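K.L.:
below are the sequence and a predicted model for it; my questions follow.
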Amino acid sequence: MTSSIAIQVLPKVDSEDELIRIVDEVIAYIASTGLNYYVGPFETTIEGESYDELMEIAANCQKVAIKAGCESVSAYIKVVYTPEGEVLTIDKKVSKHHK
């Protein structure tokens, strides 16, 4: 695993229900990529072998939110990239806390 990102998508909407609906659509898109991901309370972490693929997914998350009906969206993205090595996996980071 050479790359991981954590993305928090914040659609500009008027209700909590609408926010949840749009974020759920973004998470469904992330699931459709086939990459390993983990949904947390504030952000979703995605792992992959390709930095470029993860950056494309991050961009598409915002497009999915707009298509789902919000007029604007903010996103906070954290990136770990090690082209010649391995990054810590989701499992190594959190599995001991979820037993």
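P.N.:
Perfect, thanks for sending it.
K.L.:
mind listing the strands for this protein?
P.N.:
Under the criterion DSSP state E, the chain contains strands at 3-11, 37-39, 44-48, 73-81.
K.L.:
tally of neighbours for residue 77?
P.N.:
16 (other CB atoms under 10 Å). For the C-beta atoms, the positions are set from N, CA and C on the backbone; glycine is no exception.
K.L.:
wait, it sits on residue 7?
P.N.:
Yes: between residue 77 and residue 7 there is a contact at 5.1 Å, judged by CB atoms under 8 Å.
K.L.:
who touches both of those two?
P.N.:
Common neighbours of residue 77 and residue 7, counting by CB atoms under 8 Å, 6 or more residues apart in numbering, are residue 58.
K.L.:
where along this protein do the helices fall?
P.N.:
Remark: helices assigned in the chain by DSSP state H are 16-32, 51-67, 90-94.
K.L.:
so what's residue 1 scoring on pLDDT?
P.N.:
pLDDT, residue 1: 82.
K.L.:
for residue 44, which of the helices of the chain is the nearest?
P.N.:
Closest to residue 44 of these, according to CB to CB: helix 16-32, at 5.9 Å.
K.L.:
the closest one to strand 44-48, inter-axis angle?
P.N.:
Put simply, helix 16-32 runs at 10 degrees to strand 44-48, going by axes from the mean of the first three to the mean of the last three CA atoms, to 10 degrees.
K.L.:
tell me the spacing between residue 18 and residue 94.
P.N.:
From residue 18 across to residue 94, the span is 29 Å (CB to CB, to the nearest Å).
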